[in-house]
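After the sequence you'll find the predicted model.
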Amino acid sequence: MYLKTDRLFLREFVFDDWTAVHAYQSDPLYLRYYHWLDRSEADVREFVQMFIDWQKERPRTKFQLAVIHRADNRLIGNCGIRINDPERREANIGYELDSRYWNQGYATEAARAILQFGFSELNMHRIWAKCVADNAGSARVLEKLGMRLEARELKKEFIKNAWRDHLIFAIHERSWLG
C-alpha cells in the first residue's frame, strides 16, 4: 500500500525502518506521552515487525504505514488505521512523528490521507482516535481533521507517575464527505 500527499509518502514498513523509528522513539520529547521510559533496539524491532506482520493478514484490518518526508526521503514517523468492527464499519487511527517535524502540519497531512483511505477505500462509517489529554498538539491535529471531541476518559492511563486522561475524537463518513 502506498499513499502520497503534497509533502509525504506513506508506505508499508520494511524491517530496516527500525533504525529510523528507534532514533525518534528515543527522544525524550516523544517519550513524554508514553509509559515507556526508553526504547531499546529490541523493543523497536518488535514494534516494526508487528506492522510488517499486519501486512500479511487476510482479510487485512490493520494498516500502519511509514511516513516518509518527500524532500529528503527520510522516515519521520508512522500513521495508520485499524478496523475495529467490520460490521459497524468502524475504525481508529493513530500517528506519531519525530519531534523535529512537529508543528509543521505533517501529522495532519498524514492523518488526512489515512482518513481518506479509510472512508474511500475501506468504506468506514465512523473513524475515531484517542490521545492523552495533555498532548494538546495531537488534539489540535484531530480537530483540524474535522474530528469532534466525543469523550474524556478520566484517569485512563498511568504515565510518568501520574494518571492521565484520554480524549476520544471521531468523525463520520457524512461529515468527512461533507
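Arrived safely. These numbers come from a predicted model, not from an experiment.

is it true that His166 touches Lys155?
No. Between His166 and Lys155 there is no contact under CB atoms under 8 Å: 9.3 Å. Quick note: C-beta positions are derived from backbone N, CA and C, even for glycine.

can you pull the contacts of Phe13?
48, 51-52, 55, 64-66, 78 (CB atoms under 8 Å, 6 or more residues apart in numbering).

Between which two of these is the distance greatest?
Gln55 and Asn78 (13.1 Å; CB to CB).

Which parts of the chain are strands?
2-4, 8-12, 62-69, 74-85, 90-97, 126-132, 148-159, 162-172 (DSSP state E).

before we move on, back to that, more neighbours: Gln55 and Asn78, which one.
Asn78 (22 against 15; other CB atoms under 10 Å).

what sits against the spatially most central residue of the chain?
Centroid-nearest residue in the chain, with CA atoms, centre = their mean: Tyr95, separated by 1.7 Å. By CB under 8 Å, 6+ apart, the contact list for Tyr95 reads 67, 77-80, 107, 110-111, 114, 141.

before we move on, back to that, export the strands of the chain to a markdown table and tack on mean pLDDT and distance to Leu37?
Output for these, formatted as a markdown table (pLDDT from 0 to 100; distance: least, CB to CB, whole Å):
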| stretch | mean pLDDT | distance to Leu37 |
| --- | --- | --- |
| strand 2-4 | 97 | 33 |
| strand 8-12 | 98 | 29 |
| strand 62-69 | 98 | 23 |
| strand 74-85 | 98 | 21 |
| strand 90-97 | 98 | 17 |
| strand 126-132 | 98 | 16 |
| strand 148-159 | 96 | 10 |
| strand 162-172 | 97 | 14 |
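
re earlier: and the residue nearest to the centre of the chain, bridged to which residues?
Cys79 (DSSP bridges).

Tell me the spacing between it and Leu8.
Computed as CB to CB, to the nearest Å, the Tyr95 to Leu8 distance reads 11 Å.

Can you check which residues contact both of those two?
Here Tyr95 and Leu8 have 67, 110 as joint contacts, going by CB under 8 Å, 6+ apart.

Now do the contacts for the nearest residue in space to Tyr34 that is not next to it in sequence.
Leaving aside its chain neighbours, Tyr34 sits nearest to Ile159 (6.7 Å; criterion: CB to CB, 6 or more residues apart in numbering). By CB under 8 Å, 6+ apart, the contact list for Ile159 reads 33-35, 132.

Would you show me how to pick out the buried ones of the residues you listed in PyMOL?
Buried residues among those (16 or more other CB atoms under 10 Å), as a PyMOL selection:
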select buried, resi 33+132
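
Determine which two of the contacts of Ile159 are furthest apart.
His35 and Val132 (10.3 Å).
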